[in-house]
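Visitor: The following comprises the amino acid sequence and a computationally predicted model.
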Amino acid sequence: MGVEGRRVTGPIETEVLTPDLCIIGAGAAGLSVAATAVWLLGGSVVLVNKEPMGEVSLKSGCVPSQVLIAAAKRMHEARAARAFSSESTDDDPAVDLPRLRQHAMDVLATLAPMNATARYTAMGVEVIRAEARFLDASTVLAGKKTIKARRFVLATGSRPVVPDLPGLENVACLTDESLFDLADRPDHLVVVGGSASGAELAQAYRRLGVPVTLIEAGARILRHEDPEQAAVIERALRREGVCLKTSAAIERIEPQPTGGLVVHLDGGSTIAGSHLLAATGRRTRTEGLGLEMAGIETDWSGILVNRGFRTTNPLVYAIGSCASGPVAHSVQYEAGLVIRNALFRMPGWLGRTPVPRVVRTDPELAAIGLTETEARAKYRSIRILRWPLSAIDRAQIEGATAGHVKAILTRRGRVLGCSITAPHAGELIMPWALAMVRQLPVSDLARLVYPYPTFSEASKGAAMEFRKRSAPNPWLKRLIGLVRRWG
Ligand SMILES: Cc1cc2nc3c(=O)[nH]c(=O)nc-3n(C[C@H](O)[C@H](O)[C@H](O)COP(=O)(O)OP(=O)(O)OC[C@H]3O[C@@H](n4cnc5c(N)ncnc54)[C@H](O)[C@@H]3O)c2cc1C
Ligand SMILES: NC(=O)c1ccc[n+]([C@@H]2O[C@H](COP(=O)([O-])OP(=O)(O)OC[C@H]3O[C@@H](n4cnc5c(N)ncnc54)[C@H](O)[C@@H]3O)[C@@H](O)[C@H]2O)c1
């Protein structure tokens, strides 16, 4: 049934809609919920978004940074190709930032129709462009419409946090949302924060020809990832010329009269830069939503939800980067779980199906399931299998030998987790994901025939290690002895 069929007139000038589901926010998460819900319900879905959908909403997601990373990779490869050029030139290919910005806009324009109002309206979703605000526990006001839905889903996203550092208010601070605001190439970019965003963007800008210093407060970059794999990325960044400062506490930031800034670290050292980029995390966008009117509680990490994404108001769910808790790394998967819980009362929660995550550096770092530390905390005894890319012909052919596969298994060979540093690690992780979901023994991965020469052979190498390091099978030994006797 469509929303139209349930429409009644409200007391004043507002029209009252009574859909099954009202989604607030049309970013990646909200759109995934809307598309799945309308397909299941055949209508009765309202989507409220305060900005125009399509290009505008795409700008706040990961697409712009991925475009920058992809372009930077091309420039890096162009530089590397000079090794085979007959002309000797020291000229560094210079990035033209306005042209790169135009390219990003073109990519967003190509993707926009998939996210546009017209597409969702055609699917049967009632799209309202307005800022949504709760009036009470079961009523939302969106422009001139009052929405009394059976269930609500909040998907209002997050925005970058600019850290509270003395002196920062006196300098211009870039974030992942203002990446393309620069007209000229920075003389020296200082990136603050060495998690996924910081590592990806530091490498990308370096590849665009910008001197880069990356400052991380923690002892290492990519603190959420396996330390061995994070070290591979750290070495790659250093090799490409990113100046890495870990365990670095910023004391203050001082603007320079000629433009630019100086970062003063505890201990007295300084870093002079022309621009500063904050990659220090994101915070939920909840202002103006009237959450207090609906009894929806939040903390520093976002809108509080239980394992099934339900907020402290039983009629309201929250998904995507506005919700508290671990980042799911797949809003499509989260969307399916929210719909199960919200509309069908079928329990579903994160953690049942392992979700891969990927840091888009080069090499990429992909991981799924438990890390070694998590596995050791949970199991008495585990097995660790590793296989280096340097042992793979494809890696030698491509000159991309930094990285390895690291798999974590139970003693009996069940896969608990895997991390890979390699080109396209995000694709290479998938056999391990399948093994985890289907509870396949690692010997099944070892038995597969992998095309030669490919990076995927590193997974076979790691999987084969399980057998190699096990005590030899006594039956096999007897069989070999028998065959020997036959000559
Ligand atoms: C630099 C960067 C790189 C990333 N790279 C990756 C990656 O490689 N892989 C990956 O899986 N994830 C990546 N992520 C994470 C991913 O982008 C987010 O998980 C995802 O965009 C979250 O989507 P969302 O729908 O929750 O929020 P958003 O995309 O921010 O959408 C929120 C929407 O809600 C609307 N809204 C807000 N308030 C209201 C209101 N009151 N009323 C109505 N509408 C409202 C906004 O207008 C907006 O359209 C990256 C994130 C960043 C920042
Ligand atoms: N490839 C991906 O999937 C991808 C890429 C980018 C971002 N994201 C997502 O976007 C969100 C934000 O990512 P993020 O990397 O910006 O944040 P984050 O919260 O993951 O990490 C912030 C980092 O900044 C450091 N930091 C904070 N304040 C600092 C200071 N004053 N000085 C030095 N270091 C400081 C922290 O120690 C931490 O390492 C995350 O949810 C992330 O998963 C995902």
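Guide: Looks like it came in fine. Ligands and ions are numbered 1, 2, ... in the order given.

Visitor: alpha carbons only for contacts and neighbour counts from here, please
Guide: Will do.

Visitor: SS state for Arg252?
Guide: On the three-state scheme (DSSP: H, G, I helix; E, B strand; the rest coil), Arg252 is labelled strand.

Visitor: So the spatially most central residue of the chain, which state does it fall into?
Guide: Centroid check for the chain by Cα atoms, centre = their mean gives His329 as the closest residue, at 5.3 Å. Put simply, His329 is coil when judged by three-state DSSP.

Visitor: Which parts of the stretch 51-200 of the chain are helices?
Guide: Applying DSSP state H, counting those that start in this stretch to the stretch 51-200 of the chain gives helices spanning 55-59, 63-81, 97-115, 117-123, 196-207.

Visitor: Contact residues of the stretch 301-450 of the chain facing ligand 2?
Guide: Neighbours of ligand 2 within the stretch 301-450 of the chain, by Cα under 6 Å from any ligand atom: 327, 358-360.

Visitor: What residues sit buried inside stretch 414-430?
Guide: Using 16 or more other Cα atoms under 10 Å as the test for burial, stretch 414-430 gives 414-426, 428-429.

Visitor: close to ligand 1, is that stretch?
Guide: No. Stretch 414-430 lies out of reach of ligand 1 by Cα under 6 Å from any ligand atom, never closer than 9.7 Å.

Visitor: Can you get me the start-to-end distance on that stretch?
Guide: Using Cα to Cα, to the nearest Å, the end-to-end distance of stretch 414-430 comes out at 16 Å.

Visitor: sorry, back to before: go through the buried residues of stretch 414-430 and flag which are in helices.
Guide: 425-426, 428 (DSSP state H).

Visitor: any idea which of those residues is closest to ligand 1?
Guide: Proximity of those to ligand 1 (Cα to the nearest ligand atom) peaks at Gly426, which lies at 9.7 Å.

Visitor: Enumerate every residue touching the closest one.
Guide: Gly426 sits next to 356-358, 364-366 when contact means Cα atoms under 8 Å, 6 or more residues apart in numbering.

Visitor: do the same with Glu240
Guide: Glu240 touches 203, 206-207, counting by Cα under 8 Å, 6+ apart.

Visitor: Run through who's touching stretch 290-305.
Guide: If you take Cα under 8 Å, 6+ apart as the criterion, stretch 290-305 is touched by 133-138, 283-284, 311-313, 317-318, 321-325.

Visitor: what do you get for stretch 320-332?
Guide: Contacts of stretch 320-332 (Cα under 8 Å, 6+ apart): 28-30, 32-33, 154-158, 283-286, 298-299, 301-305, 309, 319, 334, 350, 355-357.

Visitor: Any stretches of this structure with poor pLDDT?
Guide: In the predicted model of the chain, residues 1-13, 56, 89-90, 326, 328, 469-473, 476, 487 satisfy pLDDT under 70.

Visitor: Show me what Arg386 bridges to in the sheet.
Guide: Using DSSP bridges, the bridge partners assigned to Arg386 are Lys406.

Visitor: His404 is in contact with that one, correct?
Guide: Yes. If you go by Cα atoms under 8 Å, Arg386 and His404 touch, sitting 6.7 Å apart.

Visitor: Just give the closest residue to Gly167, not the sequence neighbours.
Guide: Ile253 (4.7 Å; Cα to Cα, 6 or more residues apart in numbering).

Visitor: So the one you found sits against Ala172, correct?
Guide: No. Using Cα under 8 Å, Ile253 makes no contact with Ala172, being 11.1 Å away.

Visitor: Please compute how far the helix or strand harbouring Ile368 lies from its chain's middle.
Guide: Counting by DSSP states H and E, the element that carries Ile368 is strand 364-369. From the chain centre to the centre of strand 364-369 is a distance of 11 Å (Cα atoms, centre = their mean, to the nearest Å).

Visitor: and that strand, is it in reach of ligand 1?
Guide: No. Strand 364-369 does not reach ligand 1 (Cα under 6 Å from any ligand atom); its nearest approach is 10.5 Å.

Visitor: could you check the angle helix 196-207 makes with that strand?
Guide: Put simply, strand 364-369 runs at 160 degrees to helix 196-207, going by axes from the mean of the first three to the mean of the last three Cα atoms, to 10 degrees.

Visitor: Give the next helix or strand downstream of strand 364-369.
Guide: Moving toward the C-terminus from strand 364-369, the next helix or strand (DSSP H and E) is helix 372-378.

Visitor: show me what contacts Ala249?
Guide: Applying Cα under 8 Å, 6+ apart, we find Ala249 in contact with 216-217, 265-266.

Visitor: got a winner among the residues you listed for most neighbours?
Guide: Among the contacts of Ala249, Glu216 has the most neighbours (other Cα atoms under 10 Å), with 25 neighbours.

Visitor: I figured it was touching Val190, is that so?
Guide: No. Assessed by Cα under 8 Å, Glu216 is found out of contact with Val190, at 10.8 Å.
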